[in-house]
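Undergrad: fold the following for me, if possible:
(2 chains)
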Amino acid sequence: MISADESNVIETRGLRRVFRSGKRTVEAVAGVDLTVRKGEIFGFLGPNGAGKTTTLRMLSTLLPPSGGTAHVAGCDLLRQPDRVRERIGYVGQAGGADREITGRRELVFQGRLYGLSAEAAKARAQELIEKLELETCADRKVGTYSGGQKRRLDIGLGLTHDPQLLFLDEPTTGLDPQSRARVWDEVQRMHERGITVFLTTHYLDEADALCDRIAIIDYGKIVAEGTPEELKRAVAGDVVTLSVGGDRQQAALDLLKAQPFVREASTEDGMVRLYVDRGEEAMPAILRLLDGSALQLRTMELHRPSLDDVFLRQTGRSLRETAA
Amino acid sequence: MKLLRDTWLVFGRYWGLLIRNPAWVIIGVVQPLLYLLLFAPLLKPMASFPGFPHGGAYNVFVPGLLVQLGMFGAAGVGFSLISELRFGVIERLRVTPVSRVALLLGRAMRDVISIIVQSLILILLALPFGLSINPVGVVVVLALIALIGLLTASVAYAVALWLRSEDSYAPLIFTSTLPLLLTSGVLLPLSFAPDWLKAIAALNPLSYAVDAARAVFLAHLSDPSVAKGVLIMAVLCAVSVVFGARAFSRAAA
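TA: Residues are numbered from 1 along each chain as shown, chains lettered A, B, ... in the order given. Got it, this is the predicted structure:
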């Protein structure tokens, strides 16, 4: 039994989920410890099949855990799933609105499911329609919506009961850049209103731009957790790539590898690749070294780590390769 | 209280979807109507055969058609559920605090009401052919058909939640309902059947429903087979509702 810290909206210890298929058992989530603080935008990343969606489904009461403990929105997930449901919103990948029904009807119905009276549900639906700029399509069937309109409606359904925690499962997958930006704005607005947002994404730039903190899951376990800055600093370091004249990259590599500020070095496609702690200090040092040698520097580039580098280091895969 | 409210809400949603697209209610009536027009006339001369129940060919045949309508009408309801699963609708509803029993009952109530409407249409259409009825009998038969519909719909939804794909749902549903119907004597009374077929029918709960419906339409309301058939259907119905509601609360993946 863990204590439910008021400032943490999600707190899990050793959360597990085992699936059985025939005689084989697969541990999709193998003991996850997560802490999501009140009011933050938390990004949950991982390759397909890493346990991302399974974790999300457990936290949102859709799937009972096989083991471990979890507090979500101040309630015990295993003992009080009904109370958790009252306090969370969930927007799945597929959305959840019926194509044959109008957006307004769906919003009203959703409000009624959360216990609002018919009048209150209608008023709330109208409020959400205005807030999410769905006026032009609210009275049409959902099947006629554009990708962006559909996604905004899905978010509206998740926000109907004003939850303190909203789960978004890949909220921008398949959207055009403009609609994507609108979803980002919407998430920012929730953040300003104090709603905690837990989102999964395949886009690392999205995680970097939106999230206060990030966790990366792989093979059912958390392999990294922290702010995007922390993760980038801790894992990757800066990368300096340079080329030298006369096909002498091997000589340059030997020279630079010996330097104390170089963590790792390799050659690739005729370029020398150096991992260094602080790129801005390494570059002048490299310049001086090469000036004093017989090697002729042709180009030099500094590359700051992205979350993609973090991901590559932690999981051995690029997220882009694993994205479905 | 919450269960009633939630059931009513869920019913309202699916009823709304039905009346905005009533085409399939008509389709549901067409099949039994074809039996009535193209198959029932064959029974007329048979009505005088020894062993054929007395009371008129249509009073023997229509109860069977109604049971068939109750089962076939509800067996296909899983298709719409599977498409809702695909669009995430079921997942979205399951994250709300709505009662899981209501998720099943609200939908199934809609299915039952549409079956009752179809049954009434069929009874009315059969009258000019020579069906004779009494009001109490109609009420009892409709109650029986409602139980069969609720039973079948609950099982159909549970199976749909389990299989999650039309490609496996369709063959399973249609290969299991047809033998059930054939061994229950829906088309012809089992009084003509060889002993081995009668033995199979005795194991098929649906044959008791057919017996009950037929007894009602042959004006034997007090016949013990009526109470027996209704009771067997009511018990199976209760079990299947529990089974179906569990499927809604557990639906994984």
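
Undergrad: how far away is the nearest residue to A:Asp291 once chain neighbours are set aside from A:Asn8?
TA: Closest residue to A:Asp291 apart from its sequence neighbours, by C-beta to C-beta, 6 or more residues apart in numbering or on different chains: A:Leu297 at 7.9 Å. Glycine gets a C-beta too; all of them are placed from N, C-alpha and C. A:Leu297 sits 51 Å away from A:Asn8 when distances are taken as C-beta to C-beta, to the nearest Å.

Undergrad: returning to what we had before: am I right that the residue nearest to A:Asp291 is in contact with A:Leu290?
TA: Yes. The pair A:Leu297 / A:Leu290 is scored as a contact, 4.7 Å apart, by C-beta atoms under 8 Å.

Undergrad: list the contacts for the residue of the stretch 151-300 of chain A found nearest chain B?
TA: Chain B sits closest to A:Leu157 of the stretch 151-300 of chain A, with a gap of 6.5 Å, by C-beta to the nearest C-beta. Neighbour list for A:Leu157: A:89, A:91, A:96-97, A:106-107, A:110, B:92 [criterion: C-beta atoms under 8 Å, 6 or more residues apart in numbering or on different chains].

Undergrad: from A:Gly89, how far out is it?
TA: In this view, A:Leu157 and A:Gly89 are 8 Å apart by C-beta to C-beta.

Undergrad: next, A:Val272: phi, psi?
TA: phi -100, psi 130 (degrees, to the nearest 10).

Undergrad: kindly report the same for A:Arg83.
TA: A:Arg83 adopts backbone torsions of phi -70, psi -30, taken as degrees, to the nearest 10.

Undergrad: who in chain A is up against chain B?
TA: A:60-63, A:82, A:85-86, A:88-90, A:92-101, A:105, A:109-110, A:112-115, A:157 (C-beta under 8 Å from any C-beta of the partner chain).

Undergrad: now, of those, which are buried?
TA: A:60-63, A:85-86, A:88-90, A:92-98, A:100-101, A:105, A:109-110, A:112-115, A:157 (16 or more other C-beta atoms under 10 Å in any protein chain shown).

Undergrad: just the ones in helices from those residues, please.
TA: A:85-86, A:105, A:109-110, A:112-113, A:157 (DSSP state H).

Undergrad: ok, the residue sitting nearest the centre point of chain B - contacts?
TA: The centroid of chain B falls nearest to B:Gly70 when counting by C-alpha atoms, centre = their mean (2.1 Å). Neighbouring residues of B:Gly70 by C-beta under 8 Å, 6+ apart: B:115, B:119, B:144-146, B:148-149, B:152.

Undergrad: just those now: which is nearest B:Leu65?
TA: B:Ser119 (9.1 Å; C-beta to C-beta).

Undergrad: isn't that closest one up against B:Val67?
TA: No. Assessed by C-beta under 8 Å, B:Ser119 is found out of contact with B:Val67, at 9.8 Å.

Undergrad: which residues are in contact with both of the two?
TA: B:Ile145.

Undergrad: that older thread, just the contacts of A:Leu157: which are in strands?
TA: Here DSSP state E is the test, and the contacts of A:Leu157 give A:89, A:91 as lying in strands.

Undergrad: let me see the contact set for the nearest residue to B:Gly106 once chain neighbours are set aside.
TA: Nearest residue to B:Gly106 in three dimensions, chain neighbours excluded: B:Val10, at 2.5 Å (C-beta to C-beta, 6+ apart). Counting by C-beta under 8 Å, 6+ apart, B:Val10 touches B:98, B:102-103, B:105-107.

Undergrad: I'd like these as a markdown table, with pLDDT, secondary structure and neighbour count appended.
TA: Formatted as a markdown table, those follow (pLDDT from 0 to 100; DSSP: H, G, I helix; E, B strand; the rest coil; neighbours: other C-beta atoms under 10 Å in any protein chain shown):
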| residue | pLDDT | secondary structure | neighbour count |
| --- | --- | --- | --- |
| B:Val98 | 95 | coil | 25 |
| B:Ala102 | 96 | helix | 24 |
| B:Leu103 | 95 | helix | 24 |
| B:Leu105 | 96 | helix | 26 |
| B:Gly106 | 97 | helix | 21 |
| B:Arg107 | 96 | helix | 26 |
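
Undergrad: so what pLDDT did the residue of the stretch 151-300 of chain A closest to chain B get?
TA: Per-residue pLDDT puts A:Leu157 at 97.

Undergrad: and if you look at A:Asp5?
TA: With respect to pLDDT, A:Asp5 scores 59.

Undergrad: give me the contacts around stretch A:125-145.
TA: So stretch A:125-145 is contacted by A:97-104, A:106-108, A:111, A:149-150, A:152-153, A:155-156, A:159-160, A:186 (C-beta under 8 Å, 6+ apart).

Undergrad: may I see the buried residues of it?
TA: Buried, per 16+ other C-beta under 10 Å, within stretch A:125-145: A:125, A:128-129, A:132, A:134, A:137-138, A:141-142, A:145.

Undergrad: distance between the ends of it?
TA: 17 Å (C-alpha to C-alpha, to the nearest Å).
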